[in-house]
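Enquirer: Fold the following and give me the result.
(one chain, ligands or ions: 1)
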Amino acid sequence: MTQTALPSQARVVIIGGGVIGCSIAYHLTKLGWRDVVLLERDQLTSGTTWHAAGLLTTLRDTETQTRLAKYTQDLYRRLEAETGQATGLIGCGSIQLAMTPDKAEEMRRGYHMAASFGVEAYEITPREVKALWPLAAVDDLTAAFHFPNDARVNPTDVTQALAKGARAGGARIFEHTPVTGILQDQGRVTGVRTAEGDLKAEFVVNCAGMWARTVGAMAGVDVPLHAAEHYYLISEPIEGVHPLLPILRDPGNSAYIREEAGKIMVGLFEKAAAPWGHEGIPEGFSFGDIPPDWDRMTPYIETAMRRVPCLMDHGIKLLFCGPESFTPDHNYLMGEAPALRNFFIAAGFNSLGILSGGGVGFVMAQWIVDGHPPMDVWSVNIRRMHAWQNNPRYLKDRTVEALGIGYQDHWPFRQWETARNVKKTILHDRLAAAGACFGESAGFERANWYAKPGQAARYEYAWGRQNWFGNNAEEHAAVRSAVGLFDQSSFSKFLVQGRDAVRVLNQLSTAEVDVAIGRCVYTQFLNPRGGIEADLTLTRLAVDRYLVLTAPFTHTHVESWIRNHIPADAVCVLTDVTDGYAMLNVQGPHARALLSSLSSDDLSNDAFPFATARWIRLGHQTALAIRLTYMGELGFELYVPTNFAIPVYDQIIAAGATFGLRHCGYHTLNSLRIEKAYRDWSHDIGPDDSPIEAGLSFTCAFDKAGGFIGHEALRRARDAGLPKRRLVQFLLEDPSALVYHNEPIYRDGARVGVVTSGMYGHTLGAAIAMGYVGQADGVTSEFATQGSFEIELADRRVKAKPSLKPLYDPMGLRLKV
Ligand SMILES: Cc1cc2nc3c(=O)[nH]c(=O)nc-3n(C[C@H](O)[C@H](O)[C@H](O)COP(=O)(O)OP(=O)(O)OC[C@H]3O[C@@H](n4cnc5c(N)ncnc54)[C@H](O)[C@@H]3O)c2cc1C
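Expert: Modelled structure (predicted):
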C-alpha cells in the first residue's frame, strides 16, 4: 500500500527503496522511531535489488562483512514468520571450492576466522562435494569447505518483507517520489526536495544504490562508487537439479553456481569488468537490464561451465546483465558524511547488498539513533574515503578490477593494479631509481620495499615468505644497527591554529597538550564511550599553533573529527598542509651522526631531547625536525617544505654511505614497529577499544582540568577494576610460521581472542602478533602472560610467547640516547 499525501516533515527521510533503504527503515522502527519516511524514485526494488541472485553466503573477506552477513542470515530466517511476507529463503547451504594450495590456505584461514563469529563450517573432501553436488566436477579441487547454514532468498520478497515490517512499525513509504535536492543549513542536513514540495527532516539517509553518487552531489557530499555490468546465466532445465543443491562458490573459475527452478544459474565475477553508466544512469532506468556483451563474456562462461560439465550439453536460456555499484576498495560506504551532519550514506555494496542488507540496516539504524555504530565498522566507514576518490575517471578505471576482486586470491600485501599513480610524492622518481617497489595507500604511491640491483621491484605473492622477505630483513637490520631513510611524505599534516587551539585540542586529547612550545605529545582522541577514534602526535609550534600528524588513511576521519569538535564560539582554524611538506624519516643509531654531518645545529640529546621539535638547517635548506620514532630507535622525522625536499634528500643520500644508510620501505616500518609493540590504529586499536584495554593509559591525563571527551567513560572503566580484555604481544615459537590478521588465539586450549596485526620481527627472529585476550572476570597480568598460548594458522596451532611489555627494548632505552 502506498501513501498519497507527502508529509512536510519527518524525523528521518530515507532515499531509496532497495533492500538497504527498506532494511534501515525496518530497523529504525524496531528501535522505536516511528516517524520515518522512505522516498522511492520509482517502485520498491526497481533499482538493483530486483535482479539479484539472492545468495546468502557468510564467509566474507573481512570480519565486519562476515558479521553483517551472519546477522542478515539470522534475520531473514525469521522475517517471514514475523511479517507474513514470504522471503523465498531456501536453506541450501554453500560450498566454497579451492583449486590451488594458496586458495585452500586462504579459505582455511577464513573459515577459522568466521568460526570465531559463530559461523558453522567444515572442511570436506572432493568426494563429499560430489555427494552433495553429483553434477559437479571435483577432480581439480585442492580443498572444499561446507557452510551448512548458508542460504538463498528472493531479493524482491525479502525487500517487501522488510518494507512490510517497517510499515507495521510506523514508517511511511512513498513510491514514484524522486528526491531532487538536499536541504541544509550551517553544515547540517535539514530535509529533502521533491516535486511535491520540501520535506524537513532531522536525518536524511542516502540509500540510492548506483544513484547514491548523484544524490550525494546534491548535498556536496562525495560518494565514490561506479556501476558495472554484472552477469549471470540461466540454463535450460537439467535433470537432477533441485533447490537444495548447495550454492557452489568457485573462485578459481570466477563463478558461483546454484539451482533456479530446475535450471542452473551461473553467476560471473570476471577479472576485468565493464564499467557502466559512466555518462550517467539513463533517465527512467527501472527494473532495467543491459544487453549482454556475448563476445566479452563467452570465455568466462566457458571457464565457469567446467565446474558443471553437463552445462555444455544444455542451452543457455538467459544471459542476464544488470548494473551494480562498486567502490574503489571493494568495501561498502556507510556512515555519516564527513562534512554534513546527520546526512548518512549506505551504498556501494559490491554485489553483496542482499547478503549484508539485514546487518547494514541494523548497524545504520543504531548509528542514527545512538550517534555511533554498535560495532567497529571502520573498514566500511565512508570516512576512510578521500574527496579525490570521487573523480569519475578514477572510479571507472578502478571498477574494472573491483568487480572481480572478491573472487581473486587475497594474498597478504596484495596491491591494486588499476587506477594507480594517482599521487606521487616529490621523491617518487628518485625512490624508483633506488629500486622501490610501490604499494598504494590513500592514493599515494609509497615504497613498500627496495629491490636490489638485478632484482625486479615486483611482488610475487604467497601465503608463506614472499620474494621481498630478504629485502625487508636487510632494511630492518639497517635501522636496528645503522640508519634507514623512509619517505613518509604521505603522512597527513594539519595545522590547528588560533587563540583557542589549545582548548579545542585539550578537549579532544587524552594527553595534556598545553605543553611548552617545541614539545611533542603522543595522544589518542576518544569517543564519549572511551573508544579510540584517532592515534596521533601533536607538536606545539607556537602558543596558538599545533602541527597534528596522522596516518594518511585516517585523513578524512581525523580532519572531520577535529572540525566537528571546534565549538562555534572558538577561535580555531584547521588547515590541511599535507602537500606542503615532504617527510623524510631518518631512524637508527647513526641517525644523529648522519644529520649532524649536514647541519650546523646541535642535535645532541641534551640540546634536542626526545619528543621535541625544532627547525634545523640541513645544507642550504631548513626543515622542521621532530625527534620521535615509530620504529623504536633514535630518530628524526624531517618535515621539509616540499620545494626543499629533493636537495635535502640528495644530501642525506650522499652523506649516508659513510653511516650505513639504507632506503627502507613501509614493510620495514611495520616489522620494526611490531617488535616494539607500537599500536596500529584500525588494526590494534579502534573505536571499540579503550586505552586501558590497549595498554595506552599512560597517555591519559586523568586529572586534566576540564577533562577530555571520553574521560568519564574511561574513569568508570578504570574504577570498575580489571579490564575484560587486554592487548598482548606474541612471539611465535616456530620461526617459519607467519601471522597476518584475525587468526584465533588460544590459551590452555580455549579460544581467548583473535590477532589484530602480525608481521615478521627480524631482530626477534620470528613472526610477531598483537591481539586482545579476553576473560569475563577480567584479565590479570598473570592471565595475559602465563599459561600456554597458541595461535591458529589455517589448520595448525603454533605456540606463542605472550608479553604485555614490548619484546624489543622493553625499557625504551634506545630512543632516548
Ligand atoms: C546480477 C546481479 C546479481 C546479484 N546477486 C547478488 C547476490 O546473490 N547476493 C547479494 O548479496 N547481492 C547481489 N547483488 C547485489 C545486490 O543486488 C545489490 O548490492 C543490492 O540490491 C543493492 O541494494 P541498494 O538498496 O543499495 O540499491 P538499489 O536496489 O539500487 O536501491 C536504490 C534505490 O534508490 C532509488 N533512487 C535512486 N535515486 C533516487 C532518488 N533521487 N530519489 C528516490 N529514490 C531514488 C532507486 O530507484 C532504487 O530503487 C547482485 C547484483 C547484480 C547486478
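
Enquirer: So which residue is dead centre in the chain?
Expert: residue 379 (2.6 Å; CA atoms, centre = their mean).

Enquirer: Most proximal residue of the stretch 101-250 of the chain with respect to the ligand?
Expert: Residue nearest to the ligand within the stretch 101-250 of the chain (CB to the nearest ligand atom): residue 209, separated by 2.6 Å. The way it works is simple: take the backbone N, C-alpha and C, and place the C-beta from them, glycine included.

Enquirer: Output the contacting helices and strands for the helix or strand containing residue 668.
Expert: Per DSSP states H and E: residue 668 is located in helix 666-675. Contacts defined by 3 or more CB pairs under 8 Å, 6 or more residues apart in numbering; DSSP states H and E place helix 666-675 against strand 444-450, helix 469-481, strand 483-487, strand 750-761, strand 766-774.

Enquirer: Against which helices or strands is the longest helix that the chain contains packed?
Expert: Counting residues, the longest helix found in the chain (DSSP state H) is helix 63-83. With contacts taken as 3+ CB pairs under 8 Å, 6+ apart, helix 63-83 sits against strand 55-56, helix 101-116, strand 151-152, helix 155-168, helix 353-370.

Enquirer: Quickly compare those and say which is most buried.
Expert: strand 151-152 (a mean of 26; mean count of other CB atoms under 10 Å).

Enquirer: where does the stretch 201-350 of the chain have low pLDDT?
Expert: Scanning the stretch 201-350 of the chain for pLDDT under 70 picks out no residues.

Enquirer: Could you pull out the helices in it for me?
Expert: Along the stretch 201-350 of the chain, counting by DSSP state H, counting those that start in this stretch, helices occupy 212-218, 294-305.

Enquirer: hang on, the earlier thing: would TSV of the helices and strands packed on helix 666-675 with mean neighbour count be doable?
Expert: Output for the helices and strands packed on helix 666-675, formatted as TSV (neighbours: other CB atoms under 10 Å):
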stretch	mean neighbour count
strand 444-450	24
helix 469-481	20
strand 483-487	27
strand 750-761	21
strand 766-774	25
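
Enquirer: Of all the ones you listed, which one comes closest to the ligand?
Expert: strand 750-761 (24.9 Å).

Enquirer: send the alpha carbons of that closest one over as PDB?
Expert: C-alpha atoms of strand 750-761 as PDB (Å, rounded to 0.1, in the frame of the first residue of the first chain):
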ATOM      1  CA  ALA A 750      40.400 -22.300  24.900                       C
ATOM      2  CA  ARG A 751      39.900 -19.500  22.400                       C
ATOM      3  CA  VAL A 752      40.500 -16.200  24.100                       C
ATOM      4  CA  GLY A 753      40.800 -13.700  21.200                       C
ATOM      5  CA  VAL A 754      41.900 -13.000  17.700                       C
ATOM      6  CA  VAL A 755      45.100 -11.500  16.200                       C
ATOM      7  CA  THR A 756      44.700  -7.800  15.300                       C
ATOM      8  CA  SER A 757      48.000  -7.400  13.400                       C
ATOM      9  CA  GLY A 758      51.000  -9.600  12.600                       C
ATOM     10  CA  MET A 759      54.400  -9.200  10.900                       C
ATOM     11  CA  TYR A 760      57.800 -10.900  10.900                       C
ATOM     12  CA  GLY A 761      60.200  -9.500  13.600                       C
END
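
Enquirer: Averaged pLDDT, that strand. What do you get?
Expert: For strand 750-761, mean pLDDT is 96.

Enquirer: Contacts for that strand next, please.
Expert: 63, 113, 116, 469, 472, 667, 670-671, 674-675, 680, 683-684, 725, 727-728, 730-731, 738-746, 766-775, 791, 807-808 (CB atoms under 8 Å, 6 or more residues apart in numbering).

Enquirer: And for stretch 672-684?
Expert: Contacts for stretch 672-684 (CB under 8 Å, 6+ apart): 378-379, 476, 479-480, 532, 534-535, 551, 553-554, 587, 630-633, 670, 685, 694, 696, 727, 729, 741, 756-759, 761, 763-764, 768, 770, 803, 805-809.

Enquirer: Among those residues, which ones are in helices?
Expert: Short answer: the contacts of stretch 672-684 in helices (DSSP H) are 476, 479-480, 670.

Enquirer: Tell me which residue in the stretch 701-817 of the chain sits closest to the ligand.
Expert: residue 742 (21.7 Å).

Enquirer: wait, doesn't that residue sit right on residue 115?
Expert: No. Using CB atoms under 8 Å, residue 742 is not in contact with residue 115, being 11.0 Å away.

Enquirer: who touches both of the two?
Expert: Between them, residue 742 and residue 115 share no contacting residue, judged by CB under 8 Å, 6+ apart.

Enquirer: thinking again about what came up before, what's the spacing between the residue nearest to the centre of the chain and the ligand?
Expert: Separation of residue 379 from the ligand (CB to the nearest ligand atom, to the nearest Å) stands at 17 Å.

Enquirer: Enumerate every residue touching that residue.
Expert: 62-65, 331, 682.

Enquirer: Which SSE is immediately downstream of the one helix or strand in the chain whose mean pLDDT sits lowest?
Expert: Least confident helix or strand of the chain, by mean pLDDT, DSSP states H and E, is helix 101-116 with a mean of 89. On the C-terminal side of helix 101-116, the nearest following helix or strand under DSSP H and E is strand 122-124.

Enquirer: who are the neighbours of whichever helix or strand comes after that next one, in terms of helices and strands?
Expert: Moving toward the C-terminus from strand 122-124, the next helix or strand (DSSP H and E) is helix 126-132. Judged by 3+ CB pairs under 8 Å, 6+ apart, helix 126-132 is in contact with strand 94-98, strand 143-147.

Enquirer: out of the helices and strands packed on helix 666-675, nearest to residue 798?
Expert: When the helices and strands packed on helix 666-675 are compared by CB to CB, strand 766-774 sits nearest residue 798, at 8.5 Å.

Enquirer: contacts for the following helix or strand past the closest one?
Expert: Following strand 766-774 in sequence order, the next helix or strand is helix 781-785 (DSSP H and E). With CB under 8 Å, 6+ apart as the test, helix 781-785 has contacts from 726, 728, 747, 773, 775, 802-804.

Enquirer: and if we set it to 10 Å?
Expert: Helix 781-785 has contacts (CB atoms under 10 Å, 6 or more residues apart in numbering) with 695, 722-723, 725-728, 747, 752, 772-775, 777, 779, 801-805.

Enquirer: where does residue 5 fall, phi/psi-wise?
Expert: Per-residue torsions, residue 5: phi -90, psi 120 (degrees, to the nearest 10).

Enquirer: what's near enough to touch it?
Expert: 172, 174, 196.

Enquirer: Can you get me a residue count around the last one?
Expert: This points to residue 196. 13 (other CB atoms under 10 Å).

Enquirer: Test for you: state the pLDDT assigned to it.
Expert: Confidence score, pLDDT, at residue 196: 95.

Enquirer: Check the contact between it and residue 37; I expect there is one.
Expert: No. The pair residue 196 and residue 37 does not pass the contact test of CB atoms under 10 Å, sitting 12.0 Å apart.

Enquirer: and for those two, which residues touch both?
Expert: Joint contacts of residue 196 and residue 37 (CB under 10 Å, 6+ apart) are 6, 174, 177.

Enquirer: Find the nearest non-adjacent residue to the second one, please.
Expert: Yep, that's residue 174 we're talking about. Of all residues not flanking residue 174 in the chain, residue 39 sits nearest, at 5.3 Å (CB to CB, 6 or more residues apart in numbering).

Enquirer: same thing with the first one?
Expert: The shortest distance from residue 6 to any non-neighbouring residue, by CB to CB, 6+ apart, is to residue 196 (4.8 Å).

Enquirer: do residue 668 as well
Expert: residue 475 (4.0 Å).

Enquirer: residues contacting the one you found?
Expert: Neighbours of residue 475 in contact, by CB under 10 Å, 6+ apart: 449-450, 468, 484-486, 662-665, 667-669, 671-672, 762.
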